[in-house]
Structure formats: structure tokens, C-alpha cells
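>>> got a sequence here, can you model it:
(one chain, ligands or ions: 2)
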Amino acid sequence: MSLTVYRKAHFNAAHRLYRKDWNDEKNFEVFGKCSNPNYHGHNYELEVGITGKIDPTTGFLIDMKLLKDIIKEEIEDTFDHKNLNVEVLEFKDLIPTMENIAVVIWNKLRSRIEKKFNITVKLYETPRNFVIYNGN
Ligand SMILES: Nc1nc2c(c(=O)[nH]1)N=C([C@H](O)[C@H](O)COP(=O)(O)OP(=O)(O)OP(=O)(O)O)CN2
Ligand SMILES: [Zn+2]
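Ligands and ions are numbered 1, 2, ... in the order given. Next up is the predicted model:
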């Protein structure tokens, strides 16, 4: 019997969608207002799903306190109130779209969560724009 537990988190971050090898006009053409050279921010809402089996000894699939701590250490402490382009190493040469952010988040969580669990990352960049990534 397989189940999925979820933990919600959020972070505020600034970013700019642009390519360094394009000028401002070309970046505006492709990325629109999100290419603003002075950056802009979003209130990101994150949902992390962990899929696995219930441990009969504890009744836990995973200890939610452990999951909370991993999300705080790996995601919130790294992204919250940061400029993603400037302050987060992973986006030095990677455009911080919600798709790329979701993949970076998934990889960070994967490095901390036991391999017997599957991980799903659902990331809202705005109340109406979101992405789901499960490593496939
Ligand atoms: N495929 C992607 N497209 C876009 C991304 C992205 O990450 N992946 N990002 C952006 C912007 O950064 C932002 O998410 C969109 O901002 P905005 O247009 O303001 O979005 P809203 O949902 O608030 O727009 P409404 O007009 O209020 O619905 C753009 N594209
Ligand atoms: Zn944006």
C-alpha cells in the first residue's frame, strides 16, 4: 500500500528571466516584463509530496518533523528573501524560471531524502502559474 504525504512551505524571492548573451530588447521580446533589469519578486508556494509505505512500527510514512527540517534547511534557508540570479549558486548559469527552480528544489531534496521514497515538487510562482516535477 503506497501513500503520499505533503508538506507546504513558502519563500519570497526576486529574479530576472534573461539570457546574458542577448541584449535587453531581445530579452524583453522573449521574457516580457519578467526580464526587467532591476528584477522583480514572487511569493513562491511550495508543496512537497513524499510517496512510500507506512512503517508499521511508527505509523509514519516519513517523520513530518524531519521533512519540515529538510525543507527549511535546503529550500527556505537558501531561497527565502534572496535574489535567485545573484545569490543562489545554482542559478549562476541557469535561468530561474519556475520550471528550473522546481528541478533545483527536487535535486536538493533528493540529496537528503531516503531513496525508498519518491518525491514530487509542486511550485506556485503566482496564484495561477505552477509546475509539478517528480524527477521523470
Ligand atoms: N514557462 C514559464 N513562463 C513564464 C515563467 C516561468 O517561470 N515559466 N515566468 C514568468 C514570470 O516570472 C511570472 O511567473 C509571470 O508573471 P505574471 O505574468 O505577472 O503572472 P500572473 O499569474 O500574476 O499573471 P496574471 O496576468 O495576473 O494572470 C512568465 N512566464
Ligand atoms: Zn517572475
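
>>> in this protein, what residue sits furthest out from the centroid?
Distance to the chain centre peaks in the chain at Thr57, reaching 31.8 Å (criterion: CA atoms, centre = their mean).

>>> and it, helix, strand or coil?
coil (DSSP: H, G, I helix; E, B strand; the rest coil).

>>> for it, phi and psi?
phi -70, psi -40 (degrees, to the nearest 10).

>>> what's next to stretch 69-76, contact-wise?
For stretch 69-76, contacts defined as CB atoms under 8 Å, 6 or more residues apart in numbering pick out 7, 9, 11, 46, 48, 105, 108-109, 111-113. In short, each C-beta sits where N, CA and C put it, glycine included.

>>> out of those residues, which end up buried?
9, 11, 46, 48, 105, 108-109, 113 (16 or more other CB atoms under 10 Å).

>>> adding pLDDT, write those out as JSON lines.
Listed next are the buried ones among the contacts of stretch 69-76 as JSON lines, based on pLDDT from 0 to 100:
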{"residue": "Ala9", "pLDDT": "98"}
{"residue": "Phe11", "pLDDT": "98"}
{"residue": "Leu46", "pLDDT": "98"}
{"residue": "Val48", "pLDDT": "98"}
{"residue": "Ile105", "pLDDT": "98"}
{"residue": "Lys108", "pLDDT": "98"}
{"residue": "Leu109", "pLDDT": "98"}
{"residue": "Ile113", "pLDDT": "98"}
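
>>> how near is Asn36 to Arg16?
6 Å (CB to CB, to the nearest Å).

>>> again with Ile50
32 Å.

>>> what are the buried residues along the helix ranked longest in the chain?
For the chain, the longest helix by residue count, based on DSSP state H, is helix 98-110. Buried residues in helix 98-110, counting neighbours by 16+ other CB under 10 Å, are found at 98, 100-106, 108-109.
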